[in-house]
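Asks: Starting from these lines, generate the structure:
(one chain, ligands or ions: 1)
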Amino acid sequence: MTDKLSRRGFLGAASGITAGAMLVPGISRGIGAPAVHVRQSSKNIAVASGNGLRAVTKAGELLAQGVDTLDAAIEGVKIQELDPNDMSVGYGGRPNEHGVVQLDASCMHGPTRRAGAVGALEGIKTPSVVAKYVLLYTNHIMLVGEGAKKFALSYGFKEEDLMTERSRESWLRWRANRGPDDDWIDVERDEPMVPRPTGTINCNVVNANGDISSVTTTSGLAWKIPGRVGDSPIIGAGQYTDNDVGAAGSTGRGESNIMVCGAFLTVESMRRGHTPTDAAIETLRRVVTASEPRLLDERGRPRFGLSFYAVSKAGEFGAATFYPSRYAAFDGEEASRPDTAYLYERDS
Ligand code: GLY
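Replies: Okay, here's the model as predicted:
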């Protein structure tokens, strides 16, 4: 048998048949990873970025029906991918410099220890689902660009124009006003165009069996250089799951997250005993120390936004940002938008 895992293995784990899904509280050891004390969640928990209230509500409903954690997380974020009014994810997402929407996504399934990702995917509304197909049906982790699109089309995904009137107008306005020396005549703006928006949705789920999954999906940095891939499809940056420990994921400036492998780092902090919130704060501290001076203000505070969201196997959850914000959480009973922990007060 090669290292190729069968789809049957995934489905078996998803329905609780494999040993991985039957972990009991006690001491467990991940493959090649330090031992970890496992206290197992007794509730279904979902945590997401602030735009993910509908995602965690949906994930909570599906988990209550016994749906697998990865499917629950993806069905949650799909709401955002298909929403033309969310200009940071999927359909209606802000395009790159050339007016082309390029989407990134990745996911991990804790019980089977499998991952899938797509980068710079054009023309498909739901990159999170395509990432799941990479996880399910291939021996690879990440497909990008034209290859990712052909892969999706081969499974019957429909190619569609991902620009909405709103995202097209937003791009045309940016192009017209991008600089004094270009050949485009400036147009009035109804809103400031800087800083360039990043937007993304991350969702991390643990169920009452202690099984864990995570997914992150995005249209990436608005007006990016064509071909730019952010942190969202990078396993260990955009999201990461270890079924013995927990899951974490991120939204915000992807380049800064990639520099510290933030989702992996957050899960590793939880492995060493930090709560999800403390682990997320520690990761943000690391990001600050890893940042080039041009990215920090005169007091050494980040000029950009970055957030981490995390759940532990025990069902604890939390999120952290540089400046006060909110995230979305389903705590086993209801969905809400709690405050994040944060490193700095905003200037008044
Ligand atoms: N975190 C989303 C991105 O930078 O593309």
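Asks: if you look at stretch 252-265, does any of it touch the ligand?
Replies: Yes. Contact of stretch 252-265 with the ligand (CB under 6 Å from any ligand atom) involves 252-254. From N, CA and C alone the C-beta is placed, and that goes for glycine too.
Asks: Name the nearest residue to the residue of the stretch 101-250 of the chain found nearest the ligand, sequence neighbours excluded.
Replies: Using CB to the nearest ligand atom, the closest approach of the stretch 101-250 of the chain to the ligand is made by residue 230 at 2.4 Å. Spatial nearest neighbour of residue 230, chain neighbours left out: residue 254 (3.0 Å); criterion: CB to CB, 6 or more residues apart in numbering.
Asks: Make sure the one you found is actually in contact with residue 231.
Replies: Yes. With contacts counted by CB atoms under 8 Å, residue 254 reaches residue 231, the gap being 3.5 Å.
Asks: what about these two, which has more around it?
Replies: For residue 254 versus residue 231, neighbours defined as other CB atoms under 10 Å are more numerous around residue 231 (32 against 28).
Asks: contacting residues for the more buried one?
Replies: 237-238, 250, 254-255, 257-258, 262 (CB atoms under 8 Å, 6 or more residues apart in numbering).
Asks: Quick check on the residues you listed: which are buried?
Replies: 237-238, 250, 254-255, 257-258, 262 (16 or more other CB atoms under 10 Å).
Asks: can you list these in TSV and add pLDDT and secondary structure?
Replies: TSV is the format used below for those (pLDDT from 0 to 100; DSSP: H, G, I helix; E, B strand; the rest coil):
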residue	pLDDT	secondary structure
237	98	coil
238	98	coil
250	98	strand
254	96	helix
255	96	helix
257	98	helix
258	98	helix
262	98	helix
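Asks: What's the local residue count around residue 216?
Replies: Counted with other CB under 10 Å, residues neighbouring residue 216 total 38.
Asks: my guess is it meets residue 238, correct?
Replies: Yes. Between residue 216 and residue 238 there is a contact under CB under 8 Å: 4.0 Å.
Asks: Which strand residues bridge residue 47?
Replies: When bridges are called by DSSP bridges, residue 47 pairs up with residue 204, residue 329.
Asks: Low-confidence ranges, the stretch 1-150 of the chain, go.
Replies: 1-32, 34-38 (pLDDT under 70).
Asks: Please enumerate the helices of this protein.
Replies: 7-14, 53-64, 69-81, 127-137, 145-154, 165-176, 254-258, 262-271, 276-289 (DSSP state H).
Asks: what comes into contact with the longest one?
Replies: Taking CB under 8 Å, 6+ apart as the criterion, the residues outside helix 276-289 that touch it are 47, 246, 248, 256-257, 259-260, 262, 265-267, 269-270, 274, 296, 300-302, 306-312, 316-322, 341, 343.
Asks: are any of those residues buried, and which?
Replies: 47, 246, 248, 256-257, 259-260, 262, 265-267, 269-270, 274, 302, 306-312, 316-322, 341, 343.
Asks: Could you list the residues of the stretch 201-348 of the chain in contact with the ligand?
Replies: Residues of the stretch 201-348 of the chain lying near the ligand (CB under 6 Å from any ligand atom): 218, 220-221, 230-232, 251-254.
Asks: Now rank these by neighbours and give me the top one.
Replies: Going by other CB under 10 Å, residue 232 tops those with 34 neighbours.
Asks: From what I see, that residue and residue 254 are in contact.
Replies: Yes. At 6.6 Å, residue 232 counts as touching residue 254 under the criterion of CB under 8 Å.
Asks: Adding distance to residue 90, write the helices of the chain out as CSV.
Replies: What follows is the helices of the chain, written out as CSV (distance: least, CB to CB, whole Å):
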stretch, distance to residue 90
helix 7-14, 24
helix 53-64, 12
helix 69-81, 3
helix 127-137, 7
helix 145-154, 13
helix 165-176, 11
helix 254-258, 16
helix 262-271, 20
helix 276-289, 25
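Asks: quick one: which of those helices is nearest residue 336?
Replies: helix 53-64 (8.0 Å; CB to CB).
Asks: Taking helix 69-81 as reference, get the angle to the closest one.
Replies: 150 degrees (axes from the mean of the first three to the mean of the last three CA atoms, to 10 degrees).
Asks: Show me what counts as buried in helix 53-64.
Replies: 53-63.
Asks: One more: stretch 82-98?
Replies: Those would be 83-84, 86-96, for stretch 82-98 by 16+ other CB under 10 Å.
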